[in-house]
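Trainee: here are the coordinates; sequence isn't available:
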């Protein structure tokens with residue numbers, strides 16, 4: 001855990017590092033280390049560094065969904081859909097889950 005926290009606090013300019021940290025904070029096998037809020041923070045850094053990378057926007061949407069931010073999840077995934085010119089099943093799955101959680 002200490003290594004992940006140290007890495008999360010670094011000032012990396014690599015969007016791949018921020019995206020990997022996002023995945024860690026979302027899906028760590030040790031559930032006590034999962035942190036959806038921190039996942040949103042790291043995903044935002046990845047999307048700022050590589051705004052044309054659809055997978056980073058999808059991961060940001062996933063982080064927002066886990067953090068309980070339904071509309072932000074949909075907005076982020078929509079950017080992924082736009083970049084992919086139509087999206088894929090992962091994008092639309094996240095949108096469906098967000099819509100359901102929002103009571104739509």
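Mentor: That came through fine. Because the structure is a prediction, the values reported are computed rather than measured. Numbers count the residues shown, from 1 in each chain.
Trainee: use CA for all of it now, contacts and neighbours both
Mentor: Noted.
Trainee: what residue lies at the spatial centre of the chain?
Mentor: Nearest to the geometric centre of the chain sits residue 60, at 2.4 Å (CA atoms, centre = their mean).
Trainee: let me see the contact set for that residue.
Mentor: By CA atoms under 8 Å, 6 or more residues apart in numbering, residue 60 lies in contact with 39, 40, 43, 44, 47, 73, 76, 77.
Trainee: okay, and which of these map to strands?
Mentor: Counting by DSSP state E, no part of these is found in strands.
Trainee: and the pLDDT for the closest residue to residue 38 other than its chain neighbours?
Mentor: Once flanking residues are discounted, residue 38 sits nearest to residue 25: 6.8 Å by CA to CA, 6 or more residues apart in numbering. pLDDT for residue 25: 96.
Trainee: do a quick rundown of the strands in this structure.
Mentor: In the chain, no segments count as strands under DSSP E.
Trainee: so, low pLDDT: which residues of it?
Mentor: Low-confidence segments of the chain (pLDDT under 70): 1-11.
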